[in-house]
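[1] give me coordinates for this.
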Amino acid sequence: MSTASVAIETPRDAVTTRNWEKIGNAVVLLLYSGVVLFTVRYHEKWADEAQAWLIARDLDLKTIWFHELRYEGSPGLWHTILWVVQHVFHLPYAALGYLGVAFAIAGVAVLLYKSPFPWYVRWPLAFTYVMVYQYAAIARQYTMLPLLCFLVAILYKDVQHPGRMTAVLVLLANTSLHGALLAGCFALLYLMEAIKAWPNLDEKLRNRYFICAAVMVFAFLFLFIILKPPGDTEEFVIKRLNAQLPEAVKQQIHMPTPQRKGSALISGAYLDYLVPSLLFLALTVAWFFTRRRLLTFALPAGMLIALYSAVHGYPHHHGALVIATITALWIAWPTESEQHSFATRQRWELRGMVGLLLVFCAVNICDAAVVIRREYLYPYSGAKDAADYLRSVGAERFPMFGFVYGVAGVQAYFDHNIFVNMPTTYFHHGWPLQGKELNPDELFRVKPEYVVVYSVEPELMVKIGVIELTSRGYDFVHFSDGYYMYKRAVYQRECYFIFRRVRPTDVQTPPTSNPDK
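    This is a model prediction of the structure:
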């Protein structure tokens, strides 16, 4: 009697549960959208967001893809989208943040409605730091990572349609260097799954795999060709110049070691501190091992850690490791039928992984709450305030100088190049760098009415840069503050110093130097 009763009631209970989960998914998605839209309303866009916007605004697609991207070190999918947004739909700079939000909401929708995680994992996962803030409110190419990686997870076990997976992987590879690395890893893992099923595939499907493999090879070859940095790229020139410095000077330049960078990535991606993050990572690796899916996680995560540690990495890249982890867990997560056949040990292992994810969610939701509150209270960047001040005093009617990369953040608020010492509105990272250092002869010749200097170290700017400019006939008239917020900390300042000429520029002054140093 009881067995028959359970057999009859279970489907009805399952349907009821699914209905409640669908309603819950919709409510969570609406709440998520509200939080992100609130945050982006108060977010002041910084120079990295402006840089891509200006490149897309001022260049044609051919020049972007076959010239400027090699200096940016980033594929051009985001720039192409921004080009279409501006040149086809004529949207203003204010729309940039909402474009990133649209990709973020789409990614979370896929997570909520398609992921295999239980609702009590899916729902809080949407409000973790990377999902609700770093790759949502900050409008950069990384906002596309969650959506594309989650689509990879959905298609991963579908060996019958390699074309769909290839299309998503090509798009993922064109988001960023980290996206390209993830695309390569997941392409290899997907091919390994296909090889396992190869005896059961018909000839037509096998031929499609050969075609898709050729497309992937061509895509990566294309990216290599267009992104291979020329010899005059800023980063490489600086490295060559630093290599020529005396050993005593080199020792004073404190560059982070690969070990330090790797530990920063792991702690930043997971539980904020190194020891608990390493424990989280070790237990996660153990769970993948018990699922016989270790390579699914170890390959993309290991490659990201290696890239970040040895080559290139900043705090906003930590999120790529988070997305890679969620995607790998998605792929390895047991189906409902598998869970019904689990032995006691396997059930406890799954519960342990759920517990780890809930701990991750708790820590990162706290991080998100702190940073969103600070976005409301404090400026992320001083670029908008600096632009507003310059416009209020009619500064664009006079010659102006701008110094250091971050002035691109100010340029984006004007429809033309406002700095006569810079040939482009965006900052071109090719040598010699225009607008990097103060040239006294040029200052004396042009006599700009205003000088705008970007700085990540305002204290140092006050000690050196302000004195140098005031000694050349300029008064410090405005300061625009900003804070590059990262979880519960500030990674660096995003400040702008504005000076106005008050007396004839005197060329007989101390030797030139970088105003930011």
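[2] where along the stretch 401-517 of the chain do the helices fall?
    408-411, 440-446, 458-460, 466-470 (DSSP state H, counting those that start in this stretch).
[3] actually the stretch 51-200 of the chain, not the one I wrote
    In the stretch 51-200 of the chain, the segments counted as helices under DSSP H, counting those that start in this stretch are 61-63, 69-72, 77-87, 96-114, 119-125, 129, 145-155, 162-173, 177-196.
[4] so of those helices, which one's packed in deepest?
    helix 129 (a mean of 29; mean count of other C-beta atoms under 10 Å). C-beta: built from backbone N, CA, C; applies to glycine.
[5] how far out from the middle of the chain is that one?
    Offset of helix 129 from its chain centre (C-alpha atoms, centre = their mean, to the nearest Å): 13 Å.
[6] which helices and strands does that helix pack with?
    On a contact count with 3 or more C-beta pairs under 8 Å, 6 or more residues apart in numbering; DSSP states H and E, helix 129 meets helix 344-377.
[7] quick one: mean pLDDT for the helix it packs on?
    Here helix 344-377 scores 97 as its mean pLDDT.
[8] buried sites along it?
    349-350, 353, 356-357, 360-361, 363-365, 367-372, 374-375 (16 or more other C-beta atoms under 10 Å).
[9] toward the C-terminus from it, list the very next helix or strand.
    helix 383-392 (DSSP states H and E).
[10] by contact count, what packs against that next one?
    Here helix 383-392 touches helix 408-411, strand 450-455, strand 474-480, strand 495-501, going by 3+ C-beta pairs under 8 Å, 6+ apart.
[11] each with direction, which strands does the third one pair with?
    This means strand 474-480. Next to strand 474-480 in the sheet, as set by DSSP bridges, lie strand 495-501 (antiparallel).
[12] contact partners of the partner strand?
    Applying C-beta atoms under 8 Å, 6 or more residues apart in numbering, the external contacts of strand 495-501 come out as 382-383, 385-386, 389-390, 406-407, 410, 447-456, 458, 461, 465-466, 469-470, 473-482, 515.
[13] quick one, it and helix 383-392 angle?
    20 degrees (axes from the mean of the first three to the mean of the last three C-alpha atoms, to 10 degrees).
[14] neighbours around the closest residue to Asp388 other than its chain neighbours, how many?
    The shortest distance from Asp388 to any non-neighbouring residue, by C-beta to C-beta, 6 or more residues apart in numbering, is to Tyr413 (7.8 Å). For Tyr413, the neighbour count with other C-beta atoms under 10 Å is 18.
[15] and Tyr413, backbone torsions?
    Phi and psi for Tyr413, reported as degrees, to the nearest 10, are phi -90, psi 0.
[16] ok, of the contacts of strand 495-501, which come out buried?
    382-383, 385-386, 389-390, 406-407, 410, 448-456, 458, 461, 465-466, 469, 473-474, 476, 478-480, 482, 515.
[17] separation between Leu223 and Lys447?
    Per C-beta to C-beta, to the nearest Å, Leu223 is found 45 Å from Lys447.
[18] the residue nearest to Asp388 reaches Ala387, doesn't it?
    Yes: under the criterion of C-beta atoms under 8 Å, Tyr413 makes contact with Ala387 at 3.6 Å.
[19] contacts only, for Leu469.
    Leu469 sits in contact with 438, 451, 453, 476, 499, 515, where contact means C-beta under 8 Å, 6+ apart.
[20] which one of those residues is nearest to Pro75?
    Val453 (31.4 Å; C-beta to C-beta).
[21] now the closest one: how far from Asp272?
    For Val453, the distance to Asp272 - C-beta to C-beta - is 33 Å.
[22] any idea which element the nearest residue to Phe66 once chain neighbours are set aside lies in?
    Among residues not flanking Phe66 along the chain, Ile226 sits closest, at 6.1 Å (C-beta to C-beta, 6+ apart). Assigned by DSSP H and E, Ile226 falls within helix 203-227.
[23] quick check: Val410 vs Phe419, distance?
    Taken as C-beta to C-beta, the span from Val410 to Phe419 is 9 Å.
[24] now for those two: what residues contact both?
    Jointly contacting Val410 and Phe419 under the rule C-beta under 8 Å, 6+ apart are 402, 452.
[25] Asn25 falls within a strand, correct?
    No: Asn25 is assigned helix when assessed by DSSP: H, G, I helix; E, B strand; the rest coil, not a strand.
[26] which residues sit in contact with it?
    Residues near Asn25 by C-beta under 8 Å, 6+ apart: 112-113, 119, 122-123.
[27] shaky segments in the stretch 151-300 of the chain?
    Within the stretch 151-300 of the chain, the segments meeting pLDDT under 70 span 236-255.
[28] go again with 50.
    Along the stretch 151-300 of the chain, the parts satisfying pLDDT under 50 run over 249.
[29] on that earlier part again, would you mind listing the buried residues in the helix holding Ile226?
    So for helix 203-227, counting by 16+ other C-beta under 10 Å, buried means 205, 208-209, 212, 215-216, 219-220, 223, 227.
[30] so what touches it?
    Contact with helix 203-227 is made by 65-66, 69-70, 73-76, 160, 162-163, 165-166, 169-170, 173-174, 180, 184, 187, 191, 194, 198, 201, as judged by C-beta under 8 Å, 6+ apart.
[31] number of residues surrounding Ala95?
    With other C-beta under 10 Å as criterion, Ala95 counts 15.
[32] list the residues that contact the closest residue to it other than its chain neighbours.
    Closest residue to Ala95 apart from its sequence neighbours, by C-beta to C-beta, 6+ apart: Val85 at 6.9 Å. Neighbouring residues of Val85 by C-beta under 8 Å, 6+ apart: 56, 91, 95, 99.
[33] same thing but at 7 Å, please
    91, 95, 99 (C-beta atoms under 7 Å, 6 or more residues apart in numbering).
[34] which secondary structure element is home to His319?
    One correction, residue 319 is Gly, not His. Going by DSSP H and E, Gly319 is part of helix 318-332.
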